[in-house]
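**Q** curious how this folds, go ahead:
(one chain, ligands or ions: 2)
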Amino acid sequence: MNSLFSKTCWVCVSSLAFALACGSSGAGGEPAASPEAPAASPEAPAAEATGAEPATGGEGHAVNVALQAKSGSTLSGNATLTETPEGVKVELTVEHVSPGDHGAHVHEKGDCSAPDGASAGGHFNPASSQHALPSNEPRHLGDLGNIVVGADGTGKIEIVAPGANLKEGDPNSFLGKAIIVHEKKDDGGQPTGNAGGRIGCGEIKSS
Ligand code: CU
Ligand code: ZN
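**A** Ligands and ions are numbered 1, 2, ... in the order given. All right, here's what the predicted structure looks like:
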């Protein structure tokens with residue numbers, strides 16, 4: 001009997017009150033149900049909450065961006081930006097683009113209205129750094145490197161921009177900026193990687 005009680009009470013280890021309740025429950029059958037039910041219900045919502053938080057919580061704040069074709073290109077695509085503790089994770093996908101490397105950057109203005117994408121301004125560079133490819137520091141906060149497009153015309157890149165965020169009004173925020181995909185490869189050269197014209201543009205707006 002004693003071992004049976006102690007097993008029941010394992011559920012209640014964190015709470016002295018529950019331990020006492022469990023102890024008394026051993027005497028009568030009825031009280032056993034009520035201490036067990038509260039012990040079980042706090043556990044179930046807790047498990048649900050931890051499962052849901054990474055997808056929808058504040059830390060996982062995500063913004064979807066639709067890319068527009070620019071400079072007469074046939075590009076289509078989209079990006080998902082997600083805040084992480086390290087920075088903003090950018091998942092960029094394009095279609096109907098010529099095979100090869102294409103420079104991709106966050107530019108300083110969230111304005112894709114110009115047919116050539118020039119309205120998006122230059123690379124987003126709040127720290128006044130030099131242009132560089134990812135893995136090189138320092139670099140423009142908006143430098144995402146290259147998206148590699150295969151023979152089928154599709155390409156995908158996933159990269160974290162360290163130190164960037166999606167906070168309204170923050171100097172390092174990607175909100176109110178634009179994602180640009182270029183016609184050519186970003187070779188890391190100055191001042192902006194020699195990536196040529198702008199074939200895709202997407203405004204980054206809070207959703
Ligand atoms: Cu660019
Ligand atoms: Zn740059």
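**Q** ligand 1 contacts on the protein?
**A** Within reach of ligand 1 by CB under 5 Å from the ion, the chain has these residues: H105, I180. Backbone N, C-alpha and C define where each C-beta goes, glycine included.
**Q** mind listing the helices for the chain?
**A** 2-10, 16-25, 33-56 (DSSP state H).
**Q** what is the rounded mean pLDDT of the last one?
**A** Averaging pLDDT along helix 33-56 yields 39.
**Q** check stretch 81-96 too.
**A** Here the average pLDDT along stretch 81-96 is 97.
**Q** so for it, first residue to last residue, what's the gap.
**A** When the termini of stretch 81-96 are compared using CA to CA, to the nearest Å, they are 22 Å apart.
**Q** now do the buried residues in that stretch.
**A** L81, T82, E83, G87, V88, K89, V90, L92, T93, V94, E95, H96 (16 or more other CB atoms under 10 Å).
**Q** from the residues you listed, which land in strands?
**A** Judged by DSSP state E, strands contain the following of the buried residues of stretch 81-96: L81, T82, E83, G87, V88, K89, V90, L92, T93, V94, E95.
**Q** what residues does the last one make contact with?
**A** Read it as E95. Counting by CB atoms under 8 Å, 6 or more residues apart in numbering, E95 touches L75, S76, G77, G153, T154.
**Q** mind doing that once more with 10 Å?
**A** L67, T74, L75, S76, G77, N78, V149, D152, G153, T154, G155, K156 (CB atoms under 10 Å, 6 or more residues apart in numbering).
**Q** same question, the first one
**A** Contact criterion CB under 10 Å, 6+ apart gives 61-65, 88-92, 106, 161, 164-166, 174-175, 177, 179, 202, 204, 207 as the residues in contact with L81.
**Q** repeat that for 8 Å
**A** So L81 contacts A62, V63, N64, V65, V88, K89, V90, E91, L166, F174, I204 (CB under 8 Å, 6+ apart).
**Q** partner residues bridging it?
**A** V63, V90 (DSSP bridges).
**Q** quick check: it vs ligand 1, distance?
**A** 16 Å (CB to the ion, to the nearest Å).
**Q** what's the end-to-end length of stretch 68-84?
**A** End-to-end for stretch 68-84, by CA to CA: 26 Å.
**Q** just stretch 179-186 next, same as before
**A** 14 Å.
**Q** what about this protein, any weak spots by pLDDT?
**A** 1-59, 207 (pLDDT under 70).
**Q** not counting its neighbours along the chain, what's nearest R198?
**A** Spatial nearest neighbour of R198, chain neighbours left out: G117 (3.2 Å); criterion: CB to CB, 6 or more residues apart in numbering.
**Q** from the buried residues of stretch 81-96, which is closest to K185?
**A** V94 (14.2 Å; CB to CB).
**Q** verify the stated contact: N125 with L141.
**A** Yes - at 6.3 Å, N125 counts as touching L141 under the criterion of CB atoms under 8 Å.
**Q** and the two? Which one has more around it.
**A** Applying other CB atoms under 10 Å to N125 and L141 shows that L141 carries more neighbours, namely 26 against 21.
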